[in-house]
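Trainee: Sequence and predicted structure, then a few things I'm wondering about:
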Amino acid sequence: MDVINFISKAPGLPNATVSDPSSKYQHGCEHYANGPQLHEYLQQIGSLMNEYNAFSVGEMPWVSEPEEIIKSVGFDRAELNMIFNFDIVDMDHGSKGKFSPK
C-alpha cells in the first residue's frame, strides 16, 4: 500500500510552515504523515485483509521510531504484516537533503 501512513490528516488541515531541508519532516508532512487516526485506520484495513487471509505491505516514509514501527506491524495489533522502512534510503542525504552528500 503506497504511502499508507498518509491516510490520517491533522485536524483542521493546517497550513504547512516552510521548513529546513535537513528537517525530519519536510514540506509540511507533519500535517499528513502518521496522523492521529492512522492506527485506527490500519486496524480496519488489517481486519479486512484478515477476512481474505491476505498479506499486507505498507510503504511508510517518515517512520523510523521503533515504537511506531512495532505499532504498525505488531502481530497482536492486526494492522500491517510488513512495512518498507526508508532509513537506509536517506542515510547518505546531507544537510540540504538528497542533493547534498553526507
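Mentor: Sure thing, it's come through.

Trainee: alpha carbons only for contacts and neighbour counts from here, please
Mentor: OK.

Trainee: can you pull the buried residues of the lengthiest strand in the chain?
Mentor: If you go by DSSP state E, the chain has its longest strand at strand 97-101. Buried residues in strand 97-101, counted by 16 or more other C-alpha atoms under 10 Å: residue 97.

Trainee: Given it, what are its sheet partners and their directions?
Mentor: Sheet pairing for strand 97-101, assigned by DSSP bridges, gives strand 93-94 (antiparallel).

Trainee: contacting residues around the strand it pairs with?
Mentor: The contact list for strand 93-94 (C-alpha atoms under 8 Å, 6 or more residues apart in numbering) reads 22, 99-102.

Trainee: and with 7 Å instead?
Mentor: 100-102 (C-alpha atoms under 7 Å, 6 or more residues apart in numbering).

Trainee: mind putting these in a markdown table, distance to residue 68 included?
Mentor: Below are these laid out as a markdown table (distance: C-alpha to C-alpha, whole Å):
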| residue | distance to residue 68 |
| --- | --- |
| 100 | 28 |
| 101 | 28 |
| 102 | 26 |
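
Trainee: Going by distance to residue 88, which of these wins?
Mentor: residue 102 (12.9 Å; C-alpha to C-alpha).
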